[in-house]
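Peer 1: here is a sequence with its predicted model. Questions after.
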Amino acid sequence: MELVSPKDVQDLPDAVSEAEYKHAMRRVVSPVAVITARSPRGRNGLTATAICSVTTNPPTIVVCVNRRAKMLSLVGENGAFAVNFLSEQQSDLARAFSNHELKGEARLALGRWTGLKTGAPILEESVSSFDCVLEQSLIHGTHEVLFGRVVAVTSTEFNALLYRDGFFRRVAPE
């Protein structure tokens, strides 16, 4: 295979279709989280699987959220959000927070919530929750990429809920 120069990389055509990309990404196992925020207008959240640790110094997490999500305006207003990684027992919450018929407080009524430093809703009995201050956001395509500096955490010994091929999965021992 021939090496491509940096100049030539920019000239490469889109190599894969959206359908090919989605199919390949569905094969990747992802943790499932509920991203929450609150502002004077209320609280809301959504289910997400595009989440990653960025760095430990300073502790930073990145979340990719569709730009049409109403929850994004709350993040912008308050400058904070929480990432609540769900346990195997919380697949009902994952479904509820991805249900477009349910809104804000109706979604949050389904779980037990608390707050840490920023006031963003923290899910009790989640695997881990990260209370974040919005450090930076970038728009790329259909999504906004949120960089959150972690200011408080909680964690439990529960097993994480996973997502692959359109289904929620559980951790299985080797």
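Peer 2: That came through, no problem.

Peer 1: which strand residues bridge the residue sitting nearest the centre point of the chain?
Peer 2: Closest to where the C-alpha atoms of the chain average out (Cα atoms, centre = their mean) is residue 48, at 3.8 Å. Beta-bridge partners recorded for residue 48 (DSSP bridges): residue 33.

Peer 1: how about it, what does it touch?
Peer 2: 32, 33, 34, 35, 63, 64, 65, 83 (Cβ atoms under 8 Å, 6 or more residues apart in numbering). From N, CA and C alone the C-beta is placed, and that goes for glycine too.

Peer 1: just among these, which is most surrounded?
Peer 2: Neighbour counts for the contacts of residue 48 (other Cβ atoms under 10 Å) peak at residue 33, which has 31 neighbours.

Peer 1: surely that one and residue 90 touch.
Peer 2: No. Look at residue 33 against residue 90 with Cβ atoms under 8 Å: they stay out of range, at 10.1 Å.

Peer 1: residue 82 - how many residues pack around it?
Peer 2: Using other Cβ under 10 Å, residue 82 has 29 other residues around it.

Peer 1: so which strand or helix has it?
Peer 2: strand 80-85 (DSSP states H and E).

Peer 1: got the residue ranges for the strands in this protein?
Peer 2: Assigned by DSSP state E, the strands in the chain fall at 30-31, 33-39, 42-48, 51-56, 59-66, 80-85, 113-114, 122-123, 128-140, 143-155, 162-164, 167-169.

Peer 1: quick one: closest of the ones you listed to residue 16.
Peer 2: strand 128-140 (16.6 Å; Cβ to Cβ).

Peer 1: mean pLDDT lowest where, among the strands of the chain?
Peer 2: Among those, strand 167-169 carries the lowest mean pLDDT, a mean of 88.

Peer 1: how far away from the center of its chain is it?
Peer 2: 16 Å (Cα atoms, centre = their mean, to the nearest Å).

Peer 1: what lies in contact with it?
Peer 2: 29, 32, 91, 94, 161, 162, 163.

Peer 1: just the buried positions in it, please.
Peer 2: Buried residues in strand 167-169, counted by 16 or more other Cβ atoms under 10 Å: 168, 169.

Peer 1: go on, stretch 16-34?
Peer 2: In stretch 16-34, counting by 16+ other Cβ under 10 Å, buried: 30, 31, 32, 33, 34.
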